[in-house]
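S.K.: Quick one, fold the following:
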Amino acid sequence: MFQSSMKLDEVRLSKERAIEQLKFLVVQQIRAAGEEEMNYRRSISETEQDLIVAAILK
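M.R.: Residues are numbered from 1 along each chain as shown. The predicted model follows:
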């Protein structure tokens with residue numbers, strides 16, 4: 001699993017833009033590990049403090 005997160009109080013752009021940035025970071029992590037991104041599904045979640053995008057192996 002690969003994951004990237006951002007504190008909600010750091011989201012200065014729209015939430016949609018922040019999610020796109022986090023997705024990009026997760027894809028970069030997958031590629032850096034030599035994995036194929038098509039083998040992963042994306043999960044977007046939000047806690048009281050964080051916005052989280054994760055890539056989970058299918």
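
S.K.: Next, give phi and psi for the residue most central in space within the chain.
M.R.: Closest residue to the average C-alpha location of the chain: residue 53 at 2.8 Å, with Cα atoms, centre = their mean. Torsion angles at residue 53 (phi, psi; degrees, to the nearest 10) stand at phi -120, psi 130.

S.K.: quick one: contacts for residue 11?
M.R.: By Cβ atoms under 8 Å, 6 or more residues apart in numbering, the residues touching residue 11 are 18, 51. The way it works is simple: take the backbone N, C-alpha and C, and place the C-beta from them, glycine included.

S.K.: Can you give me the pLDDT of it?
M.R.: Note on residue 11: pLDDT of 83.

S.K.: Spell out the secondary structure type for the residue lying farthest from the centre of the chain.
M.R.: Largest separation from the mean C-alpha position in the chain: residue 34, at 17.4 Å (Cα atoms, centre = their mean). Here residue 34 is coil, with the state taken from DSSP: H, G, I helix; E, B strand; the rest coil.

S.K.: quick check: mean pLDDT across stretch 16-31?
M.R.: In this model, stretch 16-31 has a mean pLDDT of 95.

S.K.: distance between the ends of stretch 24-44?
M.R.: Its first and final residues considered, stretch 24-44 spans 13 Å by Cα to Cα, to the nearest Å.

S.K.: And stretch 22-42, end to end?
M.R.: Stretch 22-42 end-to-end distance (Cα to Cα) = 11 Å.

S.K.: Tell me what the residue nearest to the centre of the chain is bridged to.
M.R.: Beta-bridge partners of residue 53, counted by DSSP bridges, are residue 4, residue 44.

S.K.: residues touching it, list them.
M.R.: Residue 53 makes contacts with 3, 4, 5, 19, 22, 23, 25, 26, 42, 43, 44, as judged by Cβ under 8 Å, 6+ apart.

S.K.: Need the phi and psi values for the residue farthest from the centre of the chain.
M.R.: With angles defined as degrees, to the nearest 10, residue 34 sits at phi 80, psi 20.
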